[in-house]
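S.K.: Got a sequence here, can you build the structure:
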Amino acid sequence: MNPYDFYITPEEYAAASARGISARTLTWRIREACWPKEKALTTPKRQVQDRSHWMEIAGMNGIAPKTVRNRVHVLGWSWERAVTEPPRTEEQTRRMMRDHNPARRKYPPEMLAIARQNGIKDDTFRFRITKLKWSPERAATTPVMSSQEKGQLAIRALREKRGDINGPIFKKIHCEGGGAV
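M.R.: Numbers count the residues shown, from 1 in each chain. Here you go, the predicted structure:
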């Protein structure tokens, strides 16, 4: 591409304007999008449809504009359905995913129910299985420890692994006279 192609003459701006292409659009096409000048000058602007009335209806129904656009452009819904069907709650989404896809369930629902009965949160149950490599039975039945119990367990494990680490710091020093210092 010739570096002089980035320069747009006043005549080219006028020609584009006569075709309904704004100066800003022409500049963007040539300098940012790197369109050839001929294409930038002759390609008509896209006709954008006004969808504001659909967004007003969505707003009245409590649906976010981002949700409407996602429904139309990603999910392929009609504009009418996208602005009138209320969004799902988190609980509805969870239920739908659970009901429609039991084959992909990673943890048995019975084990999750047992864990909940034992006061174990779902996140704790999953963490125990994935990070700690516990069996689902152990993860669902082992009670959650208090902070004090965790600390005592950590100290016990440290002493078993390294011995008494405080011994050298707090040992008694005996002097020649037989007394401790």
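
S.K.: can we go C-alpha only for contacts and neighbour counts from here?
M.R.: OK.

S.K.: This protein: helices as residue ranges?
M.R.: Using DSSP state H, the helices of the chain run over 10-18, 23-27, 37-42, 52-60, 65-73, 79-84, 90-100, 109-117, 122-130, 136-141, 147-162, 167-170.

S.K.: ok, residue 26 to residue 5 distance?
M.R.: Computed as Cα to Cα, to the nearest Å, the residue 26 to residue 5 distance reads 12 Å.

S.K.: can you check residue 134 too?
M.R.: 66 Å.

S.K.: Check residue 126 too.
M.R.: From residue 126 to residue 5 the distance is 60 Å (Cα to Cα).

S.K.: Of the two, which one has the most company?
M.R.: Under the criterion of other Cα atoms under 10 Å, the comparison of residue 126 against residue 5 puts residue 126 first, with 19 against 14.

S.K.: How much space separates the residue positioned nearest the centre of the chain from residue 125?
M.R.: Of all residues in the chain, the one closest to the mean position by Cα atoms, centre = their mean is residue 90, 15.0 Å from it. Residue 90 sits 20 Å away from residue 125, going by Cα to Cα.

S.K.: got it, and residue 15?
M.R.: Look at residue 15 and residue 125: by Cα to Cα, they are 68 Å apart.

S.K.: The closest residue to residue 26 other than its chain neighbours: neighbouring residues, count only.
M.R.: Among residues not flanking residue 26 along the chain, residue 40 sits closest, at 6.2 Å (Cα to Cα, 6 or more residues apart in numbering). Burial of residue 40 is recorded as 20 neighbouring residues (other Cα under 10 Å).

S.K.: got it, and the one 10 residues further on?
M.R.: Residue neighbour count, defined by other Cα under 10 Å, stands at 8 for residue 50.

S.K.: How about the one 10 residues further on?
M.R.: Using other Cα under 10 Å, residue 60 has 12 other residues around it.

S.K.: And the pLDDT for it?
M.R.: Per-residue pLDDT puts residue 60 at 92.

S.K.: swap in residue 166?
M.R.: So residue 166 comes in at 74 (pLDDT).

S.K.: what does the one 10 residues further on give?
M.R.: Here, the pLDDT recorded for residue 176 equals 60.

S.K.: check contacts around the closest residue to residue 68 other than its chain neighbours.
M.R.: Excluding the flanking residues, the one nearest residue 68 by Cα to Cα, 6+ apart is residue 82, at 5.4 Å. Counting by Cα atoms under 8 Å, 6 or more residues apart in numbering, residue 82 makes contact with 58, 68, 71, 72.

S.K.: top of these by neighbour count?
M.R.: Counting by other Cα under 10 Å, top hit in the contacts of residue 82: residue 68 with 26 neighbours.

S.K.: That residue against residue 58, yeah?
M.R.: Yes. Using Cα atoms under 8 Å, residue 68 is in contact with residue 58, at 7.4 Å.
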